[in-house]
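> One predicted model, sequence on top.
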Amino acid sequence: MTRFANSALAALISLCTPLATSLGFSQAAHAADLSIYTEDDGSVCGEAWVLNKITDRFSYQVHHVPHLPDVAITDFRNIRQHRYEPASDEWPIGRHYCRATVNLTDGRDRSIFYLIEEGQGFASIGDNVEFCVSGFDRWLVYNGRCRVLR
């Protein structure tokens, strides 16, 4: 069923794209569309909700931290989970350590490191995401060069 749904979605996108282009719709991808244009290793790191949360919180960060350039994330590439620590008796919180490359609106590519903590969302519902874009940790929250999340 899932394979059928994925192939049906791919067929629908391939049919609609030329039609939309011929009608003059050439709108840029929105944050909800990021998962379509990314390359990921199949882990939770490339899921749309994770990328959308990072994109929204990065936008908030650049608008509320003094002296950061006014840029936004336009694309995620090379998404990889480089470490996974499952929940156990010793460490009760499962953690996915991820890395990727983000393209910003100023045309520059930056490394991003992020951590997904299982069951640590608001009121312990859902998962929590912490991230650090290289060069944007002005107050060294994640130590120098995002070392805490590497």
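Good, I have the coordinates.

> Is the one residue sitting closest to the centre of the chain in a helix, a strand, or coil?
Centroid-nearest residue in the chain: L51, 2.6 Å away (criterion: CA atoms, centre = their mean). When classified by DSSP: H, G, I helix; E, B strand; the rest coil, L51 comes out as helix.

> I'd guessed it sits against R77; true?
No: in this structure, L51 is not within contact of R77 by CB atoms under 8 Å, at 11.3 Å. Placement of C-beta: from N, CA and C, glycine included.

> Out of the helices and strands in the chain, which is least certain?
Within the chain, no helix or strand scores below helix 2-22, which has a mean of 42 by mean pLDDT, DSSP states H and E.

> Tell me where the model's unsure across the chain.
Residue ranges of the chain with pLDDT under 70: 1-41.

> can you tell me which residues contact I116?
V44, C45, V50, R95, H96, C98, D127, N128, V129 (CB atoms under 8 Å, 6 or more residues apart in numbering).

> just the strands in this structure please.
73-85, 95-104, 109-117, 128-133 (DSSP state E).

> Which one, of those strands, ends up nearest to R57?
strand 128-133 (7.1 Å; CB to CB).

> Please report how far D137 lies from L115.
14 Å (CB to CB, to the nearest Å).

> now the strands of the chain as a markdown table including distance to V141?
Shown next, in a markdown table, are the strands of the chain (distance: least, CB to CB, whole Å):
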| stretch | distance to V141 |
| --- | --- |
| strand 73-85 | 18 |
| strand 95-104 | 17 |
| strand 109-117 | 12 |
| strand 128-133 | 8 |
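
> Please identify which of the ones you listed is closest to H64.
strand 128-133 (14.6 Å).

> I'd like to know which elements the closest one is packed against.
Helices and strands touching strand 128-133, by 3 or more CB pairs under 8 Å, 6 or more residues apart in numbering; DSSP states H and E, are helix 48-64, strand 109-117.
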